[in-house]
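1. mind folding the following:
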Amino acid sequence: MGAAVWVSVLIVAAISFTIKAVGPAALGHRELPAPAARVITLLAPALLAAFVVVNLAGEHWGAVQWPVVAGVGVAGAVRLLRAPMLAAMACGVAAAALLRLLPGV
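-> Reported below is the predicted structural model:
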């Protein structure tokens, strides 16, 4: 990579850092309005769900691996039953592995 690319990366990083630092520095002593706090609270789960869907489905929904999708579903269902995270992950992995053993899947 050329020097121009690295200079651009450093400039963008500096701008991003500055933007992120100005908010707390300027408004750090104030409370957020209740509607804004509710929206910000819901952003992380929504982004996480979107990342999971994009990673499962692949680009343009062309690389969907149904055993993996089923494994994530099993892990989520087991987690909803209040099982520990490790147990839910183990169940999801086992379900995906068993489904991959089936012919034609």
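2. show me the helices in the chain, by range?
-> Ranges of helices within the chain are 3-27, 34-57, 66-80, 85-101, based on DSSP state H.
3. helices or strands up against the second one?
-> In other words, helix 34-57. Contacts defined by 3 or more C-beta pairs under 8 Å, 6 or more residues apart in numbering; DSSP states H and E place helix 34-57 against helix 66-80. Just so you know, the C-beta spots here come from the backbone N, C-alpha and C atoms, and that holds for glycine as well.
4. work out the gap between the helix it packs on and the centre of the chain.
-> Centroid separation for helix 66-80 versus its chain: 16 Å, with C-alpha atoms, centre = their mean, to the nearest Å.
5. dump it to CSV, restricted to CA.
-> Written as CSV, here are the backbone C-alpha positions of helix 66-80 (Å, rounded to 0.1, in the frame of the first residue of the first chain):
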residue,chain,number,x,y,z
TRP,A,66,-28.9,-24.1,6.3
PRO,A,67,-27.2,-26.3,8.9
VAL,A,68,-25.5,-23.3,10.3
VAL,A,69,-28.7,-21.3,10.3
ALA,A,70,-30.5,-24.2,12.1
GLY,A,71,-27.6,-24.4,14.6
VAL,A,72,-27.9,-20.7,15.4
GLY,A,73,-31.6,-21.2,15.8
VAL,A,74,-31.1,-24.2,18.2
ALA,A,75,-28.6,-22.2,20.2
GLY,A,76,-31.0,-19.3,20.5
ALA,A,77,-33.9,-21.6,21.5
VAL,A,78,-31.7,-23.3,24.1
ARG,A,79,-30.6,-19.9,25.4
LEU,A,80,-34.2,-18.8,25.7
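6. tell me which residues are up against it.
-> The contact list for helix 66-80, computed with C-beta atoms under 8 Å, 6 or more residues apart in numbering, reads 52, 56, 85, 87-89, 91-93, 95-97, 99-100, 105.
7. make a ChimeraX selection of whichever of these turn out to be buried.
-> Restricted to buried positions by 16 or more other C-beta atoms under 10 Å, the ChimeraX selection for those reads:
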select :56,88,89,91,92,95,96,99
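8. the contacts of helix 66-80: which two are farthest apart?
-> Farthest-apart pair in these is Met85 and Val105; separation 26.3 Å (C-beta to C-beta).
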